[in-house]
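# Attaching a predicted model along with its sequence, questions to come.
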Amino acid sequence: MKEQLEQLLAEAIGQLKAQGTIPAEHSVNIQLDRPRDKSHGDFATNLALMLAKPAKSNPRQLAEAIVAAIPENSLLSKMDIAGPGFINFTISQDQLKGQLTAMLNSDSLNVDVAEESKTIVIDYSSPNLAKEMHVGHLRSAIIGDAVSRVCEFLGHKVIRQNHVGDWGTQFGMLLAYMEALDNQSAEYELSNLETFYKAAKQRFDESEEFADRARQLVVKLQSGDEYCLKLWNQFIDVSLSHCQDVYDRLGVKLTRDDVMAESAYNDKLPGVIEHLREKGLLTEDQGAQCVFLEEYKGKEGEPLPIIVQKKGGGYLYATTDLAAIEYRQKQLGGDHLMYFVDARQSLHFDQIFTLARKAGFVEGDIQLDHYGFGTVMGKDGKPYKSRDGGVTKLADLLDEAERRALELLQQKTTDLSEEQQKRVAEVVGISSVKYADLSKNRTSDYIFDWNHMLTFEGNTAPYLLYAYTRVNSIFDRLGDTAFDRDADIILDDERELALANQLVRFNEVLHQVQDKAMPHFLCGFLFDLAGRFSSFYEACPILNQEDEALRNSRLKLSMLTANVLKQGLELLGIPTLEKM
Ligand code: ARG
């Protein structure tokens with residue numbers, strides 16, 4: 001609907017330009033808002049205020065001219081000019097009903113899928129494998145996953161890339177430690193990567209001999225020594241299966257097939273350096289190979305290097321990312337490369353993107369985006385830590401979420417068996433953690449607070465999951481009783497209209513989520529939808545509505561609400577429950 005209205009406005013502007021009311025050369029950016037206050041219609045624009053100056057007209061007069069120039073259409077039932085020259089638009093009920101019907105009759109809720117499907121390569125999760133996944137790994141995994149799902153739903157080909165860090169110097173230390181253990185105890189110790197890492201690190205710090213061996217092993221590993229590769233493979237395998245457990249519990253769609261580790265690019269790295277040299281971009285600085293880009297200067301204006309090869313010949317994070325970016329366009333056919341990585345790496349990605357274009361690692365009008373995110377904070381305003389002050393392992397965090405969810409559910413009366421309740425608690429617990437994250441603006445830090453996420457009040461997973469079961473219960477009670485799915489939709493009550501107006505926004509919101517890579521728009525939308533449904537449900541009898549036509553219409557509105565809630569939550573990576 002938004003696009004249709006934009007189209008009408010574009011036509012009106014075209015006409016006013018042709019008449020000379022607006023200077024033809026003035027580029028016009030049509031901006032439509034969704035007014036909070038219903039009396040301002042469904043959409044509003046400040047176009048007349050923006051264009052008054054170039055048009056040398058007063059805004060109200062210009063607003064009138066715009067309104068007059070809008071072509072005949074069936075989209076709008078009303079256009080009002082308000083205040084100094086805002087234009088408010090009201091969508092006609094016929095249009096609304098048509099859209100609701102189309103949504104009800106479509107498996108994909110009649111969203112506009114891309115006319116030209118793009119290949120979108122999405123880099124997310126991508127932890128370093130030396131350690132166990134911890135709370136710092138949460139955001140990339142769940143935000144990246146939600147955006148991937150939305151892009152797929154909107155008709156694009158999504159290729160997930162889990163760019164795990166499996167090739168740093170710390171692996172020497174880990175291999176040396178593995179080597180020092182006999183097989184049996186190695187297996188045992190590897191079952192807890194966190195303590196394994198700590199023990200290895202302690203040895204490394206304490207024993208000169210051990211540290212030497214560790215350094216030796218990295219060099220051997222990197223030169224392809226078979227024995228080292230065997231140890232390393234064993235470690236990586238354990239580490240990846242640990243990640244997979246976490247993804248499975250989180251309902252993150254990544255699998256082993258999506259792993260494209262740093263080490264996979266090893267063969268390509270000498271070529272990256274060669275290529276940069278040929279392009280004349282390489283500078284040697286204190287023995288290291290660097291690229292200095294005009295665009296990036298330090299605080300004092302000093303040139304800022306991108307180091308691509310260390311003095312000893314070793315390659316760096318940036319080198320691998322250059323190889324990866326090329327692979328993603330040239331081998332995977334990516335039209336848009338998305339990176340969900342901590343905001344603290346934004347300079348790195350800025351530099352890599354600029355350099356990749358300049359050096360021709362990518363070509364044409366490929367879109368490159370780093371979507372940074374803020375930090376998960378504790379209540380003390382510092383990055384979230386476990387009670388003992390260490391990093392919080394994700395596995396432990398999720399255990400705690402499930403335990404707390406069970407406590408929450410036990411406070412409610414239920415006809416679920418103990419076993420069923422436990423299963424529900426797993427969904428509610430994990431969903432609460434995910435939803436608390438997804439519902440915040442991606443770019444800000446947020447405070448991780450169990451009490452805020454595990455409650456039935458407010459914009460939370462329990463609230464939405466419960467709202468869904470409530471809609472669902474209508475159809476449970478309806479049982480096999482048929483209702484007329486072709487009945488007309490009636491929107492006479494203001495609550496019906498408010499619900500309908502929200503339902504039809506689904507398409508627009510999903511496109512917004514994709515464009516900005518911000519799932520919180522979808523969360524806000526679903527929360528609002530659940531609220532409107534609740535007002536409707538309280539004020540408008542459904543099952544005991546005697547008027548047959550009204551009953552059918554309300555059942556249809558409820559059904560569509562259920563479908564949108566379910567689909568919306570699924571796109572966030574949150575499964576719905578039939579009962580709670
Ligand atoms: N492993 C990196 C880290 O933990 C993140 C990798 C992100 N992806 C990339 N292509 N650089 O910081």
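It's in.
# Residues of this structure that sit close to the ligand?
Residues of the chain lying near the ligand by C-beta under 6 Å from any ligand atom: 123, 126-128, 163, 165, 321, 324, 339, 341. For glycine as for every other residue, the C-beta is placed from the backbone atoms N, C-alpha and C.
# top of the residues you listed by neighbour count?
Counting neighbours by other C-beta atoms under 10 Å, Tyr339 leads these with 29 neighbours.
# what's next to the host helix or strand of that residue, contact-wise?
Tyr339 is part of strand 336-340, with elements assigned from DSSP states H and E. Strand 336-340 is contacted from outside by 118-124, 139-140, 143-144, 147, 325, 328-329, 349, 366-371, 373, 517, using C-beta atoms under 8 Å, 6 or more residues apart in numbering.
# swap in stretch 558-566?
100, 103-104, 109, 464, 467-468, 471-472, 474-475, 499, 503, 506, 526, 529-530, 533, 537, 542, 576.
# again with stretch 214-230
167, 169, 171-173, 175-176, 179, 204, 232, 314.
# ok, which pair from the residues you listed is furthest apart?
Farthest apart among the contacts of stretch 214-230 by C-beta to C-beta are Glu179 and Gly314. That separation is 21.5 Å.
# Let me know the secondary structure of Leu293.
For Leu293, the assignment made with DSSP: H, G, I helix; E, B strand; the rest coil gives strand.
# ok, it touching Gln351?
Yes: using C-beta atoms under 8 Å, Leu293 is in contact with Gln351, at 6.6 Å.
# For these two, indicate the residue with more neighbours.
Between Leu293 and Gln351, counted using other C-beta under 10 Å, the more crowded position is Gln351 (19 against 16).
# Settle this for me: Leu52 is touching Ile66, isn't it.
Check again: residue 52 is Ala, not Leu. No: with contact defined as C-beta under 8 Å, Ala52 does not reach Ile66; the gap is 10.9 Å.
# related to what we said a few turns ago, could you export the strand holding Tyr339 as PDB, CA atoms only?
Provided in PDB are the C-alpha atoms of strand 336-340 (Å, rounded to 0.1, in the frame of the first residue of the first chain):
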ATOM      1  CA  HIS A 336      24.900  -8.200  -1.800                       C
ATOM      2  CA  LEU A 337      27.400  -9.200   0.900                       C
ATOM      3  CA  MET A 338      26.100  -8.700   4.500                       C
ATOM      4  CA  TYR A 339      28.300  -8.900   7.600                       C
ATOM      5  CA  PHE A 340      26.900  -9.200  11.000                       C
END
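# Just to check, Pro71 is in contact with Gln7?
No: with contact defined as C-beta under 8 Å, Pro71 does not reach Gln7; the gap is 9.3 Å.
# SS state for the residue nearest to Glu189 when sequence neighbours are not counted?
Once flanking residues are discounted, Glu189 sits nearest to Phe196: 5.0 Å by C-beta to C-beta, 6 or more residues apart in numbering. Secondary structure, three-state DSSP: Phe196 is helix.
# residues in contact with Phe196?
174, 177, 189-190.
# right, and Gly155 touches Ala114 too?
Yes: between Gly155 and Ala114 there is a contact at 4.3 Å, judged by C-beta under 8 Å.
# Could I get the buried residue list for the lowest-mean-pLDDT helix or strand in the chain?
Within the chain, no helix or strand scores below helix 183-190, which has a mean of 71 by mean pLDDT, DSSP states H and E. Neighbour-count burial for helix 183-190 flags 186, 189-190 (criterion: 16 or more other C-beta atoms under 10 Å).
# Give the other helices and strands that it contacts.
Using 3 or more C-beta pairs under 8 Å, 6 or more residues apart in numbering; DSSP states H and E, the elements in contact with helix 183-190 are helix 193-206.
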